[in-house]
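Asks: just coords:
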């Protein structure tokens, strides 16, 4: 549940920074490319969220639940690191876009850490 809220917050934050990216008029700026990168990041978040919810809500007991949770946590962690790099790119020119991207990165890393903690607790529970 908490991971879902963090991912939804990440999606909304990415949606909020896209107009700021498009208004970037600094020399050498490529606002269309930056906004399309943020949009692709938002689509990756939506796809990951839909896949995880579809997997969790299925009635069938599928093998590989731990592996899917592990891969999704790793994907969220690396996605957070990539978005943090984009935040540093906007830090001097558009600080509000950078802060929004840092917020997305923090949400992604927290969601990944919570997923890792859930995997560890699920493993201890079965023993």
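Replies: Arrived safely. Computed from a predicted model, the values in this text were never measured in an experiment. Numbers count the residues shown, from 1 in each chain.

Asks: Distance-wise, check the closest residue to residue 100 other than its chain neighbours relative to residue 115.
Replies: For residue 100, ignoring the flanking residues on the chain, the nearest one in space by C-beta to C-beta, 6 or more residues apart in numbering is residue 17 at 4.0 Å. Yep, even glycine has a C-beta here, placed from its N, CA and C like the rest. Residue 17 sits 24 Å away from residue 115, going by C-beta to C-beta, to the nearest Å.

Asks: Neighbour count for those two, which is higher?
Replies: Neighbours around residue 17 and residue 115, counted as other C-beta atoms under 10 Å, are more numerous at residue 17. The numbers are 26 against 23.

Asks: From what I see, that one and residue 105 are in contact.
Replies: No - between residue 17 and residue 105 there is no contact under C-beta atoms under 8 Å: 11.8 Å.

Asks: one step back: residues contacting the residue nearest to residue 100?
Replies: By C-beta atoms under 8 Å, 6 or more residues apart in numbering, the contact list for residue 17 reads 38, 96-97, 100-101, 104.

Asks: Mind telling me what element it is part of?
Replies: Residue 17 belongs to helix 2-22 when assigned by DSSP states H and E.

Asks: now that helix: how far from the chain's centre is it?
Replies: 8 Å (C-alpha atoms, centre = their mean, to the nearest Å).

Asks: do the same with stretch 10-23
Replies: 13 Å.

Asks: For it, buried residues please.
Replies: 10-11, 13-14, 17-18, 20-21 (16 or more other C-beta atoms under 10 Å).

Asks: Can you lay out those residues as JSON lines showing distance to residue 120 and pLDDT?
Replies: Below are those laid out as JSON lines (distance: C-beta to C-beta, whole Å; pLDDT from 0 to 100):
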{"residue": "10", "distance to residue 120": "23", "pLDDT": "92"}
{"residue": "11", "distance to residue 120": "26", "pLDDT": "92"}
{"residue": "13", "distance to residue 120": "28", "pLDDT": "92"}
{"residue": "14", "distance to residue 120": "29", "pLDDT": "91"}
{"residue": "17", "distance to residue 120": "33", "pLDDT": "93"}
{"residue": "18", "distance to residue 120": "36", "pLDDT": "93"}
{"residue": "20", "distance to residue 120": "38", "pLDDT": "91"}
{"residue": "21", "distance to residue 120": "37", "pLDDT": "91"}
